[in-house]
Each structure stands twice: as structure tokens, then as C-alpha cells.
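>>> Any chance you can model this:
(chains A and B, ligands or ions: 2)
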Amino acid sequence: MNTTKSTDARTNSHRRTLKRQQTNQIATVVITGVAGLVVLPIILVILYIFINGIGAISWEFLTAKPRNGMTEGGIMPALLGTLLLTFGTGIVCIPLAIGAAIYLAEYAGDNRLTRWVRLAIVNLAGIPSIVYGLFGLGMFVLFLNFGTSIVAGSLTLGIMTLPVVISTAEEAILAVPQEFRVVSQSLGATRWQTIRHQVLPHAIPGIITGVILGLSRAAGETAPILFTVAAFYLPDLPQSVFDQTMALPYHLYVIATQVPGMPLEIQYGTALVLLLLVLSLTLIATVIRTNMRRRRDW
Amino acid sequence: MATKMTQPKIQVQDFNFFYDEFHALIDLNLAIQQNEITALIGPSGCGKSTFLRAINRMNDTISGTRAEGVIKLDGEDIYAPDVDVVELRQRVGMVFQRPNPFPQSIYDNVAFGPRVLGMVHNGNLPQMVEESLTDAGLWDEVKDRLKDSALGLNPGQQQRLCIARTVAVKPEVILMDEPCSALDPVATLRVEELMRKLAETYTIVIVTHNMQQAARVSDRTGFFWLGKLVEFDETGTIFTSPREALTEAYITGRRG
Ligand SMILES: Nc1ncnc2c1ncn2[C@@H]1O[C@H](COP(=O)(O)OP(=O)(O)O)[C@@H](O)[C@H]1O
Ligand SMILES: [Mg+2]
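Residues are numbered from 1 along each chain as shown, chains lettered A, B, ... in the order given. Ligands and ions are numbered 1, 2, ... in the order given. Below is the predicted model of the structure:
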């Protein structure tokens, strides 16, 4: 009687195990399918642009000015403008974001003010980019009288980029073990020396990842530059930071919607260049992050 | 008797410590003598680590804490308002329970303190590093691989590296919080030998869970219980004829 009972129990548990394995397999298939559904359109879009645009890309396309109402020639002023704006965004955003992240992670206590600051940062990250564009127009172009200029555009893009860079940088700083800070201070290092020598060096890869992701978003945005810096057609290069400049995302918008008789290949070529620019930034960020994970040794 | 006449290195008077509302250290009074090893024993959670961190004011880095009373270092209250805690921590070094070298080279670990404290002049850093590693009994084992990561050392070596790192800033007092609890018996013995040698130069306060260790290395022993210092006396006295029944019960319980 004892034996039958235990045999029963065994078959029962065996059945349960089987059932669990089946459920597990089904779940795996479903989840993989859903993930595929998400990734597939992205791959298709990239492929589609690549196939249609690759023919247009040549050394001349990258280095020549547009000609003949932009229907011929290259995209050099727009490409250079976007590089300039990305650089300007970095100048605005990197010191502010890293300073804010260090403050939030290392100095700010948990009080009402810092809770408000954190809340503001989270909310700023969710604001549509056109709102940043309008803010830039009101604040930098008109009120501070910078005009439609690289300065105004960089400031606008820089501020738009701040929240995401602050958040990733703060996370990277908080990920450094508390023990390093304790040991460093127990040796007589000041708080700042501790941050400078035992915290930031370990956080820097994560901070760089955040900065690059932020910049790649800035490089691809149209709305924030629409009213603050972007020129419809300006083949001559800007002479100072108070000049306007062409920029790839806006240029793409213009040639896709505003110029009649625009050869499709040039449109796809421009889109491809922008896409590759942003993708390569993202790729660099990913490589740094993977390297960092592998190297982390505490 | 002579030690009674000289000023103690550290004098603790009516010291109390709080984590928010929690009264962690209660009315402590004791004197720690120069160039002695003072051992602190007692069950987990009785406040030994808290007391150590009170001596170099590392408790200041924990929010919501409060200290009352006096701890004098060479006769001067370290809780006085004009005290520079950064300088205090240079004078009172600390070695932690878990060997915790920075994830940097052996050399950079030892060099960190002298560098940030501005102790480096006309290229004397290599020499300081060598002296510190020698003091910590580690020089011969690492002199050919100073540029290697400190994390490649075994735990016993890592702990001696941490001692070298502390010694490098030329402290007067070294606090050790269960420095051997993560080490095997052989590595433990090496650290104990080292402590005896270091006591010629430094004043050492060590927290330990290991009764034999306290008996072997220390000159004086304090027994903590629920935030109070139950008994403090010469180590021989504590282990052979303690005054308090509680001390005896703890020591014998721990032995048997
Ligand atoms: N950071 C802290 N915040 C609040 N309470 C603490 C903190 N650290 C220690 N304590 C409490 O203080 C008491 C003494 O702790 P500790 O000094 O670590 O004891 P020991 O080192 O003797 O094991 C314990 O009850 C512990 O829970
Ligand atoms: Mg402890």
C-alpha cells in the first residue's frame, strides 16, 4: 500500500513536471515571437532605406554642396551642420548633466527640494521635442536675442538632452560600490577627492554611454532645431556660432516634402546618412557598455 | 604603573552614540594607551564597530547619527567644532573586515593616500610605497608585480595590502574591525604577527570575534555588551580573572 502511494505520487509529480515544461516551451515561443514582431519592422525600415539609398552615396554626395534647387549635388552643409550642432549640444549638455548627476548622487540628501528636482528631471524627459523647440525660440532666439543661430540650436538641443544624460550618469555613479567611498574617506581623502579619484573613474564608461545616447538623439531631432537654427537652404558654411546652418534631419524633411521634383534616390541617400550617423553613435555606446560590464571587477 | 602616569593616546569620557533614536553606545569611559594593542570583544551588534567608527568619525558619513561626550586624541577632543575630520582620519587609519583594495594596481592602492594628502615631494612616492609594503610584510611577495591589479592577490595578501595602504598615510592610530574574519588560519597568524610589529610604531585598536586572537595579541581588552563597556582591563586579567560574571560567561561560552 505504501508502495502504490509513492508510485502514484511519482507519476503525479512526473505529470506536473511535463506540464510545466510544456508551458515553459509555449511561453518561450510566444515571447520570442513578440520580440520578433517588435524587431522586424525596425530591421525592415533600415534595410529598405539602405537598399534605396546606398546608390546615392558617394564621396561627392558627402562633400559637395546641393545644386540646382537641391535636386543635384550633395549634402555637405547639412551633414556638417548636424556635426556642429551635435558638438554644440555636447558642450552645453555634458558639463551641466555630469555636474547635476554628481550633485544628485553624491551630495543631495533626500529632502523636498531634491525630490522636486528628480521629479522635474523625469518629467522633462517626457516632454515632446517640439515643446523644447518652442521654448528655444522664446528663450534663446527671442528673449536672449541670439537669433536663429547655432548657439540657440545647441542650447535647445542641449537642454532637451539633459534629463536622459543626467539619469544615466547618476545611475552610473550610484553603481560604484559604497565601500570605495568609505575606504577613501577613511584614508583622509576629502569628499571631492573621493569622487574625483575613486568614484568617477569607475562611473565614466556609464556616463559616456549616456552622453552618446543623448547626443545621438539630438543629432536626429527635427523639431527642436526647426525654429532655433535650421536653414532651409544655405549652401555656404556658417561663419560664426551666431549664423544659421543647414542640418540633416531638417534637410531631409525639406527635400521630402517641400521640393517638387526631388529625385527619390537623394532623399533615401540623405535618410541613410542620418540613420548611419545615429546608428553608429548608438553602436559606440553599446560597445562601451558591454566592455564596461565585462571589465567590472568588484 | 608607568603607563598610568603618561597621557593616554585616546581618552573616552562619557561617550554616547545614537542612530536616530537608537542608543547604540552608552556612557563609555576608557583609555587607550600609546603603542598598545587594545582588543574589543563582545557579541554581534553590541556596538564595537560603531565605537571604532566614532574614533575616526567615519560615523559622520552616516546620516541621522549623533555623538555626545568626549573622545580625546592626545588630549584634544576630536568632536570639538574646529576639528578638521579629514586630518583626523589621516591620523586615525582604519582596516576593514573584508579585504577591500581598490580595483587598481598594488602600487596605486598604496600610493592613493599619499597622493591625495599631498605627501608626495621630489619623487619620494616609490620609496613611500616600498616602506609601507615592507611595514605590512608584503614587499617581498609583490615587489615584482607592483603594476598588477590588487584584486589578483589572495585574501591574506589583500588584507596586508589594505594595512599598507593605511600605513602609507603615516597615521598614529590604526583601527581594525575584525581584520582576520575573512582570512584562513595561516593568513590570520601572519596578520597577528604584523600587528605586534606595528604596535611598536602605532597605537592599535582591534575588534575581534576570536577570543584566542584577543588573548594572543592584545595588551588590554574591553568587553562590550548591548552598547555598554562591561569590563575593561589588562588582557591577562580579563581572560583569567574577570571581575564581572557577564564577562566570564561570554569568554568561557566562547571558548567551550
Ligand atoms: N548604519 C546604521 N544605522 C542604524 N543602526 C545601526 C547602523 N550600524 C549599526 N547599527 C546598529 O547599532 C548596533 C551596533 O552595531 P555595530 O556597531 O555594527 O555592532 P558590532 O560591530 O558590535 O557587531 C546594532 O544594533 C546595529 O543594528
Ligand atoms: Mg562589527
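
>>> Ramachandran coordinates for the residue nearest to B:Leu246 when sequence neighbours are not counted?
Spatial nearest neighbour of B:Leu246, excluding adjacent residues (C-beta to C-beta, 6 or more residues apart in numbering or on different chains): B:Val230 at 5.4 Å. C-beta here means a position set from N, CA and C on the backbone, and glycine is covered the same way. Phi and psi for B:Val230, reported as degrees, to the nearest 10, are phi -70, psi -40.

>>> Show the pLDDT at B:Val230.
You'll see B:Val230 listed with a pLDDT of 96.

>>> same thing with A:Leu234?
Here, the pLDDT recorded for A:Leu234 equals 87.

>>> Next, the contact list for it, please.
A:77, A:244-246 (C-beta atoms under 8 Å, 6 or more residues apart in numbering or on different chains).

>>> what are the phi and psi values for it?
According to degrees, to the nearest 10, A:Leu234 has phi -150, psi 80.

>>> For chain B, see how far away it is.
Computed with C-beta to the nearest C-beta, to the nearest Å, the distance linking A:Leu234 and chain B is 51 Å.

>>> So what does B:Val207 look like in phi/psi?
According to degrees, to the nearest 10, B:Val207 has phi -90, psi 130.

>>> In space, what's closest to it - neighbours in sequence excluded?
Here the nearest residue to B:Val207 in space, its sequence neighbours aside, is B:Lys48; by C-beta to C-beta, 6+ apart that works out to 4.4 Å.

>>> Pull up the per-residue confidence for the one you found.
pLDDT recorded at B:Lys48 is 96.

>>> So what's the residue count around it?
25 (other C-beta atoms under 10 Å in any protein chain shown).

>>> Among the contacts of A:Leu234, show me the least confident.
For these, the pLDDT minimum is A:Gln244, 89.

>>> Show the contacting residues for the closest residue to it other than its chain neighbours.
Of all residues beyond its chain neighbours, the one nearest A:Gln244 is A:Ala231 (4.2 Å), with distances taken as C-beta to C-beta, 6+ apart. Taking C-beta under 8 Å, 6+ apart, we find A:Ala231 in contact with A:81, A:148, A:244-246.

>>> can you tell me the distance between the two ends of stretch B:214-231?
This stretch, stretch B:214-231, spans 14 Å end to end (C-alpha to C-alpha, to the nearest Å).

>>> Can you mark which positions in that stretch are buried?
Buried residues in stretch B:214-231, counted by 16 or more other C-beta atoms under 10 Å in any protein chain shown: B:214-225, B:227-231.

>>> Now, those residues that are in strands?
Residues of these located in strands (DSSP state E): B:220-225, B:228-231.

>>> where in the chain is pLDDT low?
Since no chain was named, I'll use chain A. Low-confidence segments of chain A (pLDDT under 70): A:1-7, A:294-298.

>>> should've been chain B
Ranges of chain B meeting pLDDT under 70: B:1-5, B:254-256.

>>> Which parts of it are helices?
Remark: helices assigned in chain B by DSSP state H are B:2-5, B:48-55, B:85-91, B:106-116, B:125-135, B:139-142, B:155-167, B:185-198, B:211-217, B:235-240, B:245-255.

>>> May I see the buried residues of the longest one?
When neighbours are counted by 16+ other C-beta under 10 Å, the buried residues of helix B:185-198 are found to be B:187-188, B:190-192, B:194-195, B:198.

>>> Closest one of these to chain A?
Of all the buried residues of helix B:185-198, B:Leu198 has the smallest distance to chain A: 16.5 Å, by C-beta to the nearest C-beta.

>>> for that closest one, what are its contacts?
Taking C-beta under 8 Å, 6+ apart as the test, what B:Leu198 contacts is B:135, B:163, B:167, B:174, B:204.

>>> Find the nearest non-adjacent residue to the residue in chain A that chain B sits nearest to, please.
Of all residues in chain A, the one sitting closest to chain B is A:Gly188 (3.4 Å; C-beta to the nearest C-beta). Leaving aside its chain neighbours, A:Gly188 sits nearest to B:Gln90 (3.4 Å; criterion: C-beta to C-beta, 6+ apart).

>>> got the contact list for the one you found?
Per C-beta under 8 Å, 6+ apart, neighbours of B:Gln90: A:187-188, B:113, B:117, B:169-171.

>>> Please repeat the previous calculation with a cut-off of 10 Å.
By C-beta atoms under 10 Å, 6 or more residues apart in numbering or on different chains, the residues touching B:Gln90 are A:186-189, B:56, B:84, B:113, B:116-117, B:119, B:169-172.

>>> same thing with A:Ala101?
A:Ala101 touches A:121, A:165-174, A:203, A:207, A:210, counting by C-beta under 10 Å, 6+ apart.

>>> what do you get if the cut-off is 6 Å, keeping everything else the same?
A:166, A:169-170, A:173 (C-beta atoms under 6 Å, 6 or more residues apart in numbering or on different chains).

>>> Now it: which helix or strand?
Using DSSP states H and E, A:Ala101 maps to helix A:76-102.

>>> what's downstream of that helix, the next helix or strand?
helix A:112-125.

>>> who touches that next one?
Under C-beta under 6 Å, 6+ apart, the answer for helix A:112-125 is A:108, A:163-164, A:166.

>>> Who are the packing partners of the following helix or strand past that helix?
Downstream of helix A:112-125, the next assigned helix or strand under DSSP H and E is helix A:129-136. In terms of contacts (3 or more C-beta pairs under 6 Å, 6 or more residues apart in numbering or on different chains; DSSP states H and E), helix A:129-136 is packed against helix A:150-174, helix A:223-226.

>>> Make TSV out of these and add mean neighbour count and distance to ligand 1.
Converted to TSV, the helices and strands packed on helix A:129-136 look like this (neighbours: other C-beta atoms under 10 Å in any protein chain shown; distance: least, C-beta to the nearest ligand atom, whole Å):
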stretch	mean neighbour count	distance to ligand 1
helix A:150-174	25	18
helix A:223-226	26	45
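
>>> Near chain A, which residues of the stretch 151-256 of chain B are found?
B:151, B:169 (C-beta under 6 Å from any C-beta of the partner chain).

>>> next one: the helix or strand containing A:Ala35 to chain centre, how far?
Under the criterion of DSSP H and E, A:Ala35 resides in helix A:2-53. Put simply, helix A:2-53 sits 32 Å off its chain's centre (C-alpha atoms, centre = their mean, to the nearest Å).

>>> Quick one: list the elements packing against it.
Using 3+ C-beta pairs under 6 Å, 6+ apart: helix A:2-53 touches helix A:264-295.

>>> just to revisit the earlier point, isn't the residue nearest to B:Leu246 right up against B:Ala249?
No. Taking C-beta atoms under 6 Å as the definition, B:Val230 is not a contact partner of B:Ala249, at 10.5 Å.

>>> Go ahead and name everything in contact with stretch A:73-81.
Contacts of stretch A:73-81 (C-beta under 6 Å, 6+ apart): A:60-61, A:63-67, A:235, A:245-248, A:251, A:270.

>>> re the thing from before, closest one to A:Leu281 among the helices and strands packed on helix A:129-136?
helix A:150-174 (12.3 Å; C-beta to C-beta).

>>> could you check the angle helix A:112-125 makes with that closest one?
120 degrees (axes from the mean of the first three to the mean of the last three C-alpha atoms, to 10 degrees).

>>> gap between the helix or strand following helix A:150-174 and the chain center?
As assigned by DSSP H and E, the chain's next helix or strand after helix A:150-174 is helix A:178-186. Here the centre of helix A:178-186 is set off from its chain's centre by 33 Å, with C-alpha atoms, centre = their mean.

>>> And the helix or strand following helix A:178-186, how far out from the chain middle?
Next in sequence after helix A:178-186, counting helices and strands by DSSP H and E, comes helix A:191-194. The chain centroid and the centroid of helix A:191-194 are separated by 30 Å, computed with C-alpha atoms, centre = their mean.
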